Structures are given as C-alpha cells and as structure tokens.
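Novice: Quick one, structure for this:
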Amino acid sequence: MPHTTPAGFRRKDEERRRWPKPVMAAAAALLLLAGCSGAASNDYDSANRVGLERFMEQEFAFGACDASVVDSQPPVPQVVEAAEKAECAMLTVPMDYEDLDGETIEIAVSRISATGDNPIGSVLLNPGGPGAAGTTVAPLVNALWAGGPIPERFDIVGFDPRGVGLSNPAIDCYSDEERDADAPLSALGTWTEESARAIVDKCADGSGTEEVLAHLGTRDVARDMDVLRAVLGDDKLTYAGVSYGTRLGSVYAEMFPENVRALVLDGAVDPLMDTADRRIQLSEGVQASFQRFADFCMTQAACPLGTDPAQATAAAQELLQPLEEEPLVAADGREVGFLAAGEGIVSGMYSEASWPAIIAGLTELEAGRPAALLAIRDGYYGRSDSGEYTNSFEALFAINCLDEQRFTEEEMTQLGHDLNEAVPFLDPGSTPPAQDGCEFWPAEPTLGYPYATDIDGLPEVLVISATGDPVTPHEGGISLADTLGARLLTVDGNQHGTIISANACVDGAVADYLIDLELPDEGARCTI
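Specialist: Now for the predicted structure:
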C-alpha cells in the first residue's frame, strides 16, 4: 500500500532506490528497444501558459526526504553526508498541458541548499536515461562539487521526471522477478503484435491508467521543468544535463529560450539524427568502446579475450553465444544468459575506470562463474541486495515510446540487422524482431525530428563531449554544439558523462560558466 513521508513522497513498500548511472540503455536495450514517433509539432502554444499561474505560484513544503535518498547512495562519507542534508518536496503539475483543469501528477524534488552568503539560485540536474531519477543524484553531484564554488552559490536540485522514481504515479510494468529473468529485454527481441498490445495493458495496470502512459514525453517534462523553475523562484533556468539530459535541455531551450540562463549539456544526444540513424551511431560507439577496452585488456597479464585485438569480437562471442541456449546459474539461483552477461560488459564500459572489473567478469565467465558480470549489471539497473529494482528501465521504455520514431515490420527487421552489424560483439545470432513494441502505445509521439533547431534568443550554451564516449559518441556533441550555436568543450577520455567524474579541468570550466557565464576558449580541451 502507498504511504506518505513527511516530504510527501509516495512510493511502494517494496521499492528501494539505488544510484542509477546517467545513461541511456544497456546491451540489448541499446540494440533492440523499439521506439515510437513520427512527425510531431515542435511548437508550444504560448497561450496555454496563461492557465498555469496556479501551478507556477504554488509553494514548496520542503521537509524530510524519503529514506531511499540516503540509502541509495554509494558508501562514501561525503556523499552520504550530502544526502542527509537534502530536503525534499513534491511539485504538482498538470498531467496533460492541454487540459490544465484536468488531473494532476506529482514530481519528486530534492534540494541541497547553497552554503554561501551570496546565492545565485538553483542549478537543476538531470542524470539521463530517459528514466534515471534526479532526487538521488543531487547529493552525489553536490559531493563531487564540494570544495568548489558551485555548492556555495547554487542550491543543487534534482527531480524525478514524470513517471520516474519517486514521482507519482511512477511507471511500473514488470515485477522484480521478471526483471531478474530479463523478461523486458527478452521481449525487445521477440515482439509480436500480441505482446506489443499486452505491454500497454501491463504498464497501464501497474502505473494507474493508459492516460498516464500518454503523457510521459520529453516535451511534457520540459514544461514540468519550467514550472519547477518558477516555483523554485528562479527567473531563468540554470541547468546541467547528462546523456538524455542533453535532449531534455535542448528541448527546453527550443520551447523556452527566453527562460534560459545557462545550460550545461554533457554527453550529447544528436538532435539532427532520426531514431534509426542515432541507434546505429550509438551501437557503433559501443563497438568502438569495446575495441578500446579489448586493446587495454590485451596489455594486462591475462586477458580472457586473447592476445590478438583483431579477434576480440570473435573471442567475446565465444564466451557469450553459448549463454543464449545454456545460461549459467549464479550462486543466488538466477540464470545468466546472453542478455545479462552482455549488459554487464556494456555497463562497465561507461567509464575506463571500470575496465578492470570487466576483465575480472569475463575471466570468471570463462570459468563458468557469472557473478562478477552480474554484479556490474545489477549496479547499472539499481538492483538492491534484496532483489528490488528501480523503475528506470520501464520508464526508459515508456518515455521512448513518446519520443522515438515508429517503424514498419520491414524497417524493424532492417534496423535489427543494421544494429547487429554495428555492434557485432553483442549480436545474439537470432532473427531481429519485425514488430515495433510501441505500435499500440496509447498516444502518438510528441518529440519530432529534428528538434532544437533555429532557436532565436538562446543565450550561450556549454556542450561537453568526450572523445571516447561509448553511447553518445563525440560526433553527437559536435552536432549539438553546431545546432545550438554553443561552445564545445572536448574531453579526451573514455567516459560517458564528464561532469560526474570529479575532473578538475571539467569542473573548473563548468563552475566558470554556471557562476560567471564565462565560456571556455574556442577549441578548449580537458583530459580524463
């Protein structure tokens, strides 16, 4: 049964939050996630804002946070201390911005107040996904920035976008047992008309109604952000978004350019690429990252991929392909098949610092022990020690159903083949699905492609892009900077999301921009 904490958070008793990495999807989700979309209007009717006063003028009742905001943090004293200082509240927004007198929903917000005497306002965070929760990220970012000027001058604010985390209602499509069995990812590779219809009912039953599923897209979240900006008391938005957060920030810039103070967009999603081309680009990035990892692996004393970098993909397939038919069984009784093992590898590639963990996982896998790769996979998905999951994967699927383009059977099959060619070390060797999993979603897509183009009156924006980013390749950062007329800070390193890497060069550039609106020099570079 739902219960309410002093801060007004509503959650299920069985839910526990874990720190979600600022990412898009992993493994097969990167390859097969069936999105939806098509042409959609990029215009937001400004007359609609007239009826928003009662939402813009609400007052927050900040209080104690849900225990998960502390419990989900990594066991690092500075991070736990930051989480303990956080205060939380719920923001009320319209479910449907075309029906301001209709149903409302609640957006979970966490805040760590500025410590200095001369605060500028709030810096709003989005860690990616789509589907990653921001309430638990704010303490982590606050701790990473501790000792620098940003926490002195800004309240650090995280929020769980509609449908995500502690927001109410939250998307719920699968049980923890189904998540352990990789049922969602298995479905992505085997969609049928029957299962694509059934997933709508399954998500609607767990989340409230089909109406909830119809209003989860990025454009609705951008409108929520503008309400949040106003209720926080900021005349202009100061924002830092990672991965999918760059899409959210770009769409906000398109819809509300006059309300932008500063945008940091890190690990860019290319606004000019359609769904198919971007997924192929993403998959090529994963393969390139795997090859860089393999090159590193072969410099170590013992590499489970052998000694020839040119054979790394074949060596990985020799380890993974047998799991498609004969999964290994972990000590806790869970079966670890091709999907789960692949997820473990991809999850570890988000940062070069995790490459030794992948080597250890593959070495264990070679010996018939899947626990090490499974642990990396569990950390990615926020699985708790007691076997409970965040709803990040379900939210990712639902949000993409309102952001991405929809495909015919022929297009789906061709895309599946193209993706397998783009990332061959994750090719499951099975026939790609012909059914779009979002075909029967209870609303047409709302994002539109391309987006965030030809924006008038947008202040200068800072785009940050790592040369070895595995899932939002550097080319996307170049494209986003060009599209927005933004300044590009290039980071040399194998990392997805650089503002959460505690790098002095990146942190200094971000602080100069957020506080004084001073951009780095043209062509500036940092190294991780």
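
Novice: Name the spans of this protein whose pLDDT lies under the cut-off.
Specialist: Applying pLDDT under 70 to the chain picks out residues 1-50, 185-189.

Novice: Just the buried positions in the top helix by length along it, please.
Specialist: In the chain, assigned by DSSP state H, the helix with the most residues is helix 275-297. By neighbour count on 16 or more other CB atoms under 10 Å, the buried set for helix 275-297 is 275-276, 278-290, 292-294, 296-297. Any C-beta I mention is one placed from the backbone N, CA and C, and that applies to glycine too.

Novice: quick one: what helix or strand has the closest residue to residue 203 other than its chain neighbours in it?
Specialist: Nearest residue to residue 203, sequence neighbours excluded (CB to CB, 6 or more residues apart in numbering): residue 173, at 4.2 Å. Under the criterion DSSP states H and E, no helix or strand holds residue 173.

Novice: how about residue 173, phi and psi?
Specialist: With angles defined as degrees, to the nearest 10, residue 173 sits at phi -120, psi -20.

Novice: any idea how far residue 180 is from it?
Specialist: 15 Å (CB to CB, to the nearest Å).

Novice: Other residues contacting the helix or strand harbouring residue 195?
Specialist: Following DSSP H and E, one finds residue 195 within helix 193-207. Contact with helix 193-207 is made by 34, 163, 169-174, 187, 210, 212-213, 394, 398, 435-442, as judged by CB atoms under 8 Å, 6 or more residues apart in numbering.

Novice: again, only this time at 10 Å
Specialist: With CB atoms under 10 Å, 6 or more residues apart in numbering as the test, helix 193-207 has contacts from 12, 34, 163, 169-175, 178, 184, 187, 191-192, 210-214, 216, 391, 394-395, 397-398, 401, 409, 433-442.

Novice: Make a PyMOL selection of the buried ones in the residues you listed.
Specialist: Selection of buried members from the contacts of helix 193-207 for PyMOL, criterion 16+ other CB under 10 Å:
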select buried, resi 34+163+169+170+171+172+173+174+184+187+191+212+213+214+216+391+394+395+397+398+401+433+434+435+436+437+438+439+440+441+442
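
Novice: quick one: which of the contacts of helix 193-207 sit in helices?
Specialist: 178, 184, 187, 210-213, 394-395, 397-398, 401, 409.

Novice: Now render those as a markdown table, adding distance to residue 109.
Specialist: Below are the ones in helices among the contacts of helix 193-207 laid out as a markdown table (distance: CB to CB, whole Å):
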| residue | distance to residue 109 |
| --- | --- |
| 178 | 30 |
| 184 | 28 |
| 187 | 32 |
| 210 | 26 |
| 211 | 23 |
| 212 | 19 |
| 213 | 23 |
| 394 | 21 |
| 395 | 17 |
| 397 | 24 |
| 398 | 21 |
| 401 | 25 |
| 409 | 42 |
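
Novice: my read: residue 147 touches residue 508, true?
Specialist: No. At 12.0 Å, residue 147 does not count as touching residue 508 under the criterion of CB atoms under 10 Å.

Novice: Those two: which has the busier surroundings?
Specialist: Neighbour count, other CB atoms under 10 Å: between residue 147 and residue 508, residue 508 has more, with 14 against 11.

Novice: And stretch 198-213, how far out from the chain middle?
Specialist: 21 Å (CA atoms, centre = their mean, to the nearest Å).

Novice: any idea how far the residue nearest the centre of the chain is from residue 158?
Specialist: Centroid check for the chain by CA atoms, centre = their mean gives residue 129 as the closest residue, at 1.4 Å. With distances taken as CB to CB, residue 129 is found 13 Å from residue 158.

Novice: Also residue 246?
Specialist: Taking CB to CB, one finds residue 246 at 16 Å from residue 158.

Novice: just residue 366 next, same as before
Specialist: 40 Å.

Novice: Would you mind telling me which of those two has more residues around it?
Specialist: Per other CB under 10 Å, whichever of residue 366 and residue 158 has more neighbours is residue 158, with 27 against 13.
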